[in-house]
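1. Quick one, fold the following:
(chains A and B)
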Amino acid sequence: MFPSASLPRLSARQGCSNAALPQIMHAFANPARFLRIARPLTPVLLLSGMAITAAALVYGLFYAPAEQLQGETVRILFIHVPTAWLGMAGWSAIAVASLVELVWRHPLAALAARGSAVPGAVFAALCLASGSLWGRPAWGTWWVWDGRLTSMLVLLFLYLGYIALAGAVQREGGSNRIPAIFGLVGAINIPIIHYSVIWWNSLHQPPSLGWGGSSMAGPFLWGLLASSLGFTLIFAGVVLARMRALLADIQAEARLRRRAMEA
Amino acid sequence: MREALDPWPFVIGAYALGIGATLALALWSWLAMRRAERRREEARAR
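-> Below is the predicted model of the structure:
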């Protein structure tokens, strides 16, 4: 389906190790195999994510009870918490894909990292905006320079820097290792965001949801989990769509360049 | 003493922003993908 000559980098580095993990990863390294999976999966993820998100947000806006202390502003958390989670998950995905790119040189790892950047940046920006809209009626201010808010703003700037760097590398024909190193180094901000409310005094509340359990009441918890699931499915669908677009761009460029050299 | 702000404009603003931006992101990424894949097919057909 995809001539290997148009994707020299995408086919030359398979089978570099006998270890199980690289073998499993490289089983999905073939762009044709990736597309066979991604083509049906992209609309399924997007549509199911939109349906679940719509149901969760209707619940959050019209049916969830007002909270005792926060009142009606608690409804904003059905937007704010999933976008915060995906803002951080997006950079975690960039970091993991960057590690795979640097260590195993997986052919699709750079595409996965670049595909996660724009949706991650959008969700980080939405987290900041919805948090600000929550903060004004709840705290009496749009913004405070505390650890959580500032580290989240730094994450947004890291996304913008990554998008600019990866775009420049693709345009100028540089090595994918440069944005991969940036992606790995930037990951240091993720635990800082997570632990900022524990390490420093903050207006922001400490985490109320973790692996050990939740301090939230049932009506909020289940709505929040549904909203997070819906937004996550949309995020995954967008990442796949971005990866397909980047792959198609590379293949079209390679084909046109080869034609030009043959002429 | 300051009067408490009406929370509803903030709630509606957050929902409008969240839903609008997410839909715009999904639509943009879908259209960009379709455009790129069409460009690849055209390059292959030439």
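2. C-alpha from now on. contacts and neighbour counts both.
-> Fine.
3. Just give the nearest non-adjacent residue to the closest residue to chain B within the stretch 101-250 of chain A, would you?
-> In the stretch 101-250 of chain A, the residue that lies nearest chain B is residue A:245 (4.2 Å; C-alpha to the nearest C-alpha). Leaving aside its chain neighbours, residue A:245 sits nearest to residue B:33 (4.2 Å; criterion: C-alpha to C-alpha, 6 or more residues apart in numbering or on different chains).
4. Just the element for that neighbour, please.
-> Taking DSSP states H and E as the criterion, residue B:33 maps to helix B:8-45.
5. Rounded mean pLDDT for that helix, please.
-> In this model, helix B:8-45 carries a mean pLDDT of 95.
6. Chain B contacts on the stretch 151-263 of chain A?
-> Applying C-alpha under 8 Å from any C-alpha of the partner chain, we find that the stretch 151-263 of chain A lies next to chain B at A:234, A:238, A:241-242, A:244-246, A:248-249, A:251-252, A:255-256.
7. do that again at 10 Å, thanks
-> Applying C-alpha under 10 Å from any C-alpha of the partner chain, one finds that the stretch 151-263 of chain A approaches chain B through A:231, A:234-235, A:237-256, A:259.
8. Now a PyMOL select for only the buried ones of those.
-> PyMOL command restricting these to the buried ones, with burial defined by 16 or more other C-alpha atoms under 10 Å in any protein chain shown:
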select buried, chain A and resi 231+234+235+237+238+239+240+241+242+243+244+245+246+247+248+249+250+251+252+253+254+255+256
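9. Now, the residues of the stretch 151-263 of chain A next to chain B that are in helices?
-> With helices defined by DSSP state H, the entries of these inside them are A:231, A:234-235, A:237-256, A:259.
10. so what's residue A:50 scoring on pLDDT?
-> The model's pLDDT for residue A:50 equals 98.
11. At the geometric centre of the chain, which residue do we find?
-> No chain in the question, so chain A it is. What sits nearest the mean C-alpha location of chain A, by C-alpha atoms, centre = their mean, is residue A:90, with 2.2 Å.
12. so who does that one touch?
-> For residue A:90, the residues meeting the contact criterion (C-alpha atoms under 10 Å, 6 or more residues apart in numbering or on different chains) are A:84, A:113, A:115-124, A:159, A:235-236, A:239.
13. Could you list the buried residues of the helix holding residue B:33?
-> Under 16+ other C-alpha under 10 Å, the buried positions of helix B:8-45 are B:10-15, B:17-19, B:21-22, B:25-26, B:29-30, B:32-34, B:36-40, B:43.
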